[in-house]
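Q: structure, please.
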Amino acid sequence: MTTSSSERGVSLGMPELPAPDYPDDVRTRLERDAREIIARYPDSRSALLPMLHLVQSEEGHVTRTGMQFCADMLALTTAEVTAVATFYTMYRRRPSGDYQVGVCTNTLCAVMGGDAIFEALQEHLGVGNGETTDDGKVTLEHIECNAACDFAPVVMVNWEFFDNQDVESAKRLVDDLRGGREVAPTRGAPLCTFKETARILAGFPDQRDGAVEATGGAGPASLVGLKLAKGEAHPARVVHPRDAGPHEEPHDKVHEPSPTEHLSSHDAPQDTSASDPSHPAGPVAEEGE
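A: Numbering: from 1, shown residues only. Reported below is the predicted structural model:
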């Protein structure tokens, strides 16, 4: 049994018509912004990434009109622009919500509850991955690592962090977003809409009062290793092999492990052919010998 091209979703009809242009007033405004972006770079084509954020800030996703505009301004082909726009997941290819809610489902966040949060939000909002609620407020998606593993599981809204989430807190978060209630990220600037976020990513200043000063840094969990390296924290607790219990070293004494001591119970010596006299190492006999 064969499948027709229409059933496969393949169109063999007339080529797609050229993308419509922006209205004159919109194009004039975008051209002014585009020239400011292009002026930052010695080679105009280097401006493509922020230009795509610029056109995304206009319509909430990168449309054919936006890609044609970028091609015109940068003397590129639409194929070159499309190749970039489809490569990076931050560029949306279809209409999306005011708030992009991304649930990290990479390894650590997943096992800490990210998978459960994502599944619960799909049911709670009635949408699947990459889909938008009927009110146009929230687009839900699973995302890759956000380099915030020490705050797992992490949810992001328009690229702002919401750390240490669980199913119930994530449900409250999306309900507040849909209800128009003020929502504050765990760290970083106050939330703005996805279009406003896209304009900031295009390289234009965030004009909101206090937004720049509110940007957050690394949390305490992220800085422990740095403090240890600088000698600013107490020595770590030493965990001895499985036949001995852990103990705390005095804070005024730096522990110097012996060559045979292991700092993790997972590194404790095991009975192997090299260490167990009853199982000496030696050549393995061939079958039948």
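Q: for Arg45, what are its contacts?
A: Leu74, Ala75, Leu76 (Cβ atoms under 8 Å, 6 or more residues apart in numbering). From N, CA and C alone the C-beta is placed, and that goes for glycine too.
Q: swap in Glu141?
A: Glu141 neighbours (Cβ under 8 Å, 6+ apart): Gln100, Val101, Gly102, Val103, Asn129, Gly130.
Q: what's next to stretch 124-131, contact-wise?
A: Here stretch 124-131 makes contact (Cβ under 8 Å, 6+ apart) with Gln122, Thr133, Val138, Thr139, Leu140, Glu141, His142, Lys171, Val174.
Q: tell me where the stretch 151-289 of the chain has helices.
A: 167-179, 194-201, 220-229 (DSSP state H, counting those that start in this stretch).
Q: mean confidence for the second one?
A: Predicted confidence along helix 194-201 averages 94 (mean pLDDT).
Q: distance of the residue lying closest to Val26 once chain neighbours are set aside relative to Asn146?
A: Leaving aside its sequence neighbours, Val26 sits nearest to Glu58 (Cβ to Cβ, 6 or more residues apart in numbering; 6.9 Å). As for Glu58, its distance to Asn146 is 26 Å (criterion: Cβ to Cβ, to the nearest Å).
Q: in the chain, where is pLDDT below threshold?
A: 1-15, 215-218, 233-289 (pLDDT under 70).
Q: count the neighbours of Thr86 for me.
A: 12 (other Cβ atoms under 10 Å).
Q: identify the residues contacting it.
A: Going by Cβ under 8 Å, 6+ apart, the list of residues near Thr86 reads Arg93.
Q: next one: Phe69
A: With Cβ under 8 Å, 6+ apart, Phe69 has these contacts: Tyr22, Arg27, Leu30, Ala34, Val55.
Q: now do the phi/psi pair for it.
A: phi -60, psi -50 (degrees, to the nearest 10).
Q: other residues contacting stretch 36-44?
A: Residues outside stretch 36-44 that contact it (Cβ under 8 Å, 6+ apart): Ala47, Pro50, Met51, Leu54, Met73, Leu74, Ala75, Ala202, Gly203.
Q: make CSV from the residues you listed and add distance to Val84 and secondary structure to it.
A: Formatted as CSV, the contacts of stretch 36-44 follow (distance: Cβ to Cβ, whole Å; DSSP: H, G, I helix; E, B strand; the rest coil):
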residue, distance to Val84, secondary structure
Ala47, 11, helix
Pro50, 12, helix
Met51, 10, helix
Leu54, 14, helix
Met73, 14, helix
Leu74, 11, helix
Ala75, 15, coil
Ala202, 14, coil
Gly203, 16, coil
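Q: those residues: which two are farthest apart?
A: Ala75 and Gly203 (20.1 Å; Cβ to Cβ).
Q: report the longest helix in this structure, please.
A: Counting by DSSP state H, the longest helix found in the chain is helix 24-38.
Q: who wins for neighbours among the contacts of Phe69?
A: Busiest of these [other Cβ under 10 Å] is Val55, holding 27 neighbours.
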